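**Q** From the sequence below, what's the structure:
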Amino acid sequence: MNRWRAVAAAFFYLIIPGLCLAQDRSTPSQSVDSALNVNPSQKQNARADSRPHSKPDNGFDAGRSALSGDWNWSLPPGIPLPRIPAGNHMSAAKVDLGRRLFHDPRLSGNGTISCASCHLQDKAFSDGKSVSIGSTGERTHRNSPALANLAWLATYTWANPTLVSLERQMGVPLFSEDPVEMGINDRNRDQVLARFRGDPDMAPLFAKAFPGESQAVSFDTIVKSIAAFERSIVSFSSKYDRFRQGGIELANNERRGMDLFFGNKAQCHTCHGGFLFADQTVFDGAETVPTPFHDIGLHAPDAHPFPNRGLFEFTGNQGDKGKFRTPSLRNVVLSAPYMHDGSVATLPSALDAHNGIKLSVAEKADLVAFLTTLTDEPLLSSPDFSKSPPQSPL
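**A** The predicted model follows:
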């Protein structure tokens, strides 16, 4: 039986589909296309299409390019390689630099917050708040998402189908003005770069990660480094993963919850499926890239306030009001509060927020027990992702 389960793991991870508990954050802001050359005042106003796309030409290499140099994904059976942008191959030096930058408050305009301020490792890189607080004290519009397994997402943030890479998404927290997050702008951008160019410890790390660059410390290299680090945050070591690989058994209530999750009564898997427990997944060899957005009925169609009207902000279609990207449910018990606006405090309440799902108190408890098995305990304390550098083996 255990042998069969291990063999079946790959089949299960790749084809079983997915509860639309919603999670992400900022409103559409600036394209990183402009941010990298950097004009922080230029706004992104692209319209979008929510249909599946056949192998889009968006600058991505086949996933095996991620193994170039000294980087190896070390993925468990059944997890496919991700696609990596052609202009930002993975390397250990780049990931290490990105890790340091991710935790460095000097990257904000006024030097007060870092990426890690809103993405805490012990909360699966979410922050436990309904919405986050930016560097100037301004509240963000949306809930801060957990960050694990970003390498396999087709789009980023809660409802922006134009953000198809981490490099492009990085322009939102770094340069956005409504709301201000990291707070980099035309007035302080040179000062931000000078902090790192003048650092005798950091400047050599930029040179190592980007050999041959005439100016190794730039917003281009900062964005690429952090994107590489975020792609390295992989989470496939949960109790559920060990169960699928035949290593352990689930408790009775966890098994009942799993049956509900993948069964016809709760039907959670219709939106939260596959190895990400989500429905916007891209990987090496995928023939199509689905980018669905959903309205689970959290608010009435006309009750979504600007700028939290979901996909409608891009398409202008009335039918897209309230539609948001389905978040992954991996580590979901750590990422409360829930939904795009952080308006739902607990998992049982999140289940209740899904119109059409009618479960008893006991069934909800079983379902929550199963969702708890998706927690990756090693992720929460791994030095690979922490502020302190990991120790090199002797």
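**Q** So Pro173 lies in a helix, does it not?
**A** Yes - read with DSSP: H, G, I helix; E, B strand; the rest coil, Pro173 is one of the residues of a helix.
**Q** pLDDT below threshold where in the stretch 201-350 of the chain?
**A** The model of the stretch 201-350 of the chain has no residue with pLDDT under 70.
**Q** Could you rerun that using 80?
**A** Within the stretch 201-350 of the chain, the stretches with pLDDT under 80 are 301.
**Q** can you give me the strands for it?
**A** 288-289 (DSSP state E, counting those that start in this stretch).
**Q** next one: the stretch 51-200 of the chain
**A** 53-54, 60-61, 84-85.
**Q** Mind checking the pLDDT average for the first one?
**A** Okay, so that is strand 53-54. The average pLDDT within strand 53-54 is 38.
**Q** from now on call the first residue 53
**A** Will do, 53 is the new start, and the previous item becomes strand 105-106.
**Q** So Leu205 is in contact with Asp331, correct?
**A** No - if you go by Cβ atoms under 8 Å, Leu205 and Asp331 don't touch, sitting 10.6 Å apart. No exception for glycine: its C-beta is placed from N, CA and C like everyone else's.
**Q** all helices of the stretch 303-446 of the chain, in order?
**A** Secondary structure of the stretch 303-446 of the chain, counting by DSSP state H, counting those that start in this stretch: helices at 304-314, 364-367, 399-404, 413-424.
**Q** Please apply the same query to the stretch 103-252 of the chain.
**A** Under DSSP H, counting those that start in this stretch, the stretch 103-252 of the chain gives helices at 144-154, 218-221, 223-227, 241-249.
**Q** Break this structure down into its domains, please.
**A** 54-73+288-430, 84-195+214-286 (automatic domain parsing).
**Q** Out of those, the one nearest Asp436 is which?
**A** domain 84-195+214-286 (7.1 Å; Cβ to Cβ).
**Q** Spatially nearest residue to His406 (excluding sequence neighbours)?
**A** If the residues on either side of it in the chain are set aside, His406 comes closest to Ile348, at 5.1 Å by Cβ to Cβ, 6 or more residues apart in numbering.
**Q** count of residues packed around that neighbour?
**A** Using other Cβ atoms under 10 Å, Ile348 has 21 neighbouring residues.
**Q** again with Trp125
**A** By other Cβ under 10 Å, the residues close to Trp125 number 17.
**Q** And it, how close does it get to Phe262?
**A** 21 Å (Cβ to Cβ, to the nearest Å).
**Q** Please apply the same query to Asp418.
**A** Taken as Cβ to Cβ, the span from Asp418 to Phe262 is 50 Å.
**Q** Over to Leu381?
**A** 36 Å.
**Q** just for the stretch 103-252 of the chain, where's the confidence low?
**A** In the stretch 103-252 of the chain, residues with pLDDT under 80: 103-121.
**Q** Kindly recompute the last result at 50.
**A** Along the stretch 103-252 of the chain, the model assigns pLDDT under 50 to residues 103-110, 114-119.
**Q** What separation is there between Ser196 and Ser284?
**A** 19 Å.
**Q** swap in Ile274?
**A** From Ile274 to Ser284 the distance is 16 Å (Cβ to Cβ).
**Q** Could you do Lys416 as well?
**A** Separation of Lys416 from Ser284 (Cβ to Cβ): 35 Å.
**Q** With Trp204 instead?
**A** 13 Å.
**Q** which of the two has more neighbours?
**A** More neighbours surround Trp204 than the other of Trp204 and Ser284, with 24 against 21 (other Cβ under 10 Å).
**Q** The more buried one contacts Phe335, correct?
**A** Yes - Trp204 is within contact range of Phe335, at 5.7 Å (criterion: Cβ under 8 Å).
**Q** Find the residues that touch each one of those two.
**A** Overlap of the contact sets of Trp204 and Phe335 (by Cβ atoms under 8 Å, 6 or more residues apart in numbering) consists of Pro134.
**Q** sorry, back to before: compare Asp418 and Phe262 and say which is more crowded by neighbours.
**A** Shown here are Asp418 and Phe262; by other Cβ under 10 Å, Asp418 has more neighbours (24 against 21).
**Q** Run through the residues that contact that one.
**A** Residues near Asp418 by Cβ under 8 Å, 6+ apart: 305-306, 308-309, 312.
**Q** quick one, what contacts Gly150?
**A** Counting by Cβ under 8 Å, 6+ apart, the residues that Gly150 touches are 276-282, 284.
**Q** okay if I get the residues you listed as CSV plus distance to Lys375?
**A** Converted to CSV, the contacts of Gly150 look like this (distance: Cβ to Cβ, whole Å):
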residue, distance to Lys375
Lys276, 31
Ser277, 33
Ile278, 28
Ala279, 26
Ala280, 31
Phe281, 30
Glu282, 25
Ser284, 30
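**Q** Going by distance to Ala355, which of the residues you listed wins?
**A** When those are compared against Ala355 (criterion: Cβ to Cβ), the nearest one is Glu282, at 33.1 Å.
**Q** What separation do you get for the nearest residue to that closest one once chain neighbours are set aside and Ala145?
**A** Leaving aside its sequence neighbours, Glu282 sits nearest to Leu202 (Cβ to Cβ, 6+ apart; 5.2 Å). Separation of Leu202 from Ala145 (Cβ to Cβ): 20 Å.
**Q** To Ser433, which of the helices of the stretch 103-252 of the chain lies closest?
**A** helix 144-154 (14.5 Å).
**Q** Which one of the helices of the stretch 303-446 of the chain lies nearest to Pro357?
**A** Nearest to Pro357, of all those, is helix 364-367, at 11.5 Å by Cβ to Cβ.
**Q** is Asp191 in a bridge, and if so with what?
**A** Check again: residue 191 is Arg, not Asp. In this entry, Arg191 is beta-bridged to Ile185, by DSSP bridges.
**Q** can you count the residues close to it?
**A** Neighbours of Arg191 (other Cβ under 10 Å): 13.
**Q** My guess is it contacts Cys170. True?
**A** No - Arg191 is beyond contact range of Cys170, at 11.4 Å (criterion: Cβ under 8 Å).
**Q** any shared contact partners between those two?
**A** In contact with both Arg191 and Cys170: 184-185, using Cβ under 8 Å, 6+ apart.
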